[in-house]
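Colleague: predicted structure and sequence below. I'll ask about it afterward.
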Amino acid sequence: MGKFKIYSKLMLVQLKTKFKKPVEYEIPRCGVSFTKMSRLAEEVKGIKIIKDQDTKATTFKVTTKAPEIVFSYVSQMAELVVPNIASPSKKDQKKLNELGAYIRKLQPLMKDLELYQQASAHLQ
């Protein structure tokens, strides 16, 4: 697919999600501190942190309009969970399995993940 075709489809998807109501997602923290989760959420466009949540909780609550945005957030979070992906420890492997289970839970909700992957491939 050409760049123009991909970007036009991406713009259409973004237009559709603009009028959707934000949905709350509870993301497993997997040992990542609340501060790091907050900083990462600030970097990802389209995610808002729910105020007044317990900083010691095992989940991190955010709102967003598209599950694809949560998927990209969780993917970036995986880099914080396991700094050395080539040889994760048993503890890190458990955290990765927990994140993998959460991603499998998100997959049925995602409709346009392939489109986002194609667009990001063309940006590089």
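Modeller: All right, it came through fine.
Colleague: which strands or helices does the host helix or strand of residue 106 pack on?
Modeller: Element membership for residue 106 (DSSP states H and E) is helix 90-106. For helix 90-106, the elements it packs on are strand 23-28, helix 67-81, judged by 3 or more CB pairs under 8 Å, 6 or more residues apart in numbering; DSSP states H and E. C-betas here are computed from N, CA, C, even on glycine.
Colleague: would you mark the buried spots in that helix?
Modeller: 92, 95, 96, 98, 99, 102, 106 (16 or more other CB atoms under 10 Å).
Colleague: okay, those residues in JSON lines with distance to residue 26 and pLDDT next?
Modeller: Supplementary listing: the buried residues of helix 90-106 in JSON lines, determined by distance: CB to CB, whole Å; pLDDT from 0 to 100:
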{"residue": "92", "distance to residue 26": "22", "pLDDT": "80"}
{"residue": "95", "distance to residue 26": "16", "pLDDT": "85"}
{"residue": "96", "distance to residue 26": "18", "pLDDT": "82"}
{"residue": "98", "distance to residue 26": "13", "pLDDT": "88"}
{"residue": "99", "distance to residue 26": "13", "pLDDT": "84"}
{"residue": "102", "distance to residue 26": "9", "pLDDT": "87"}
{"residue": "106", "distance to residue 26": "11", "pLDDT": "82"}
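Colleague: ok, which pair from those residues is furthest apart?
Modeller: Looking at the buried residues of helix 90-106 by CB to CB, the two members farthest from one another are 92 and 106, with 21.0 Å of separation.
Colleague: ok, now how distant is the nearest residue to residue 25 once chain neighbours are set aside from residue 87?
Modeller: In space, residue 25 comes closest to residue 70 once its chain neighbours are excluded; the distance is 5.1 Å by CB to CB, 6 or more residues apart in numbering. Here the distance between residue 70 and residue 87 works out to 28 Å (CB to CB, to the nearest Å).
Colleague: thank you kindly, that will do.
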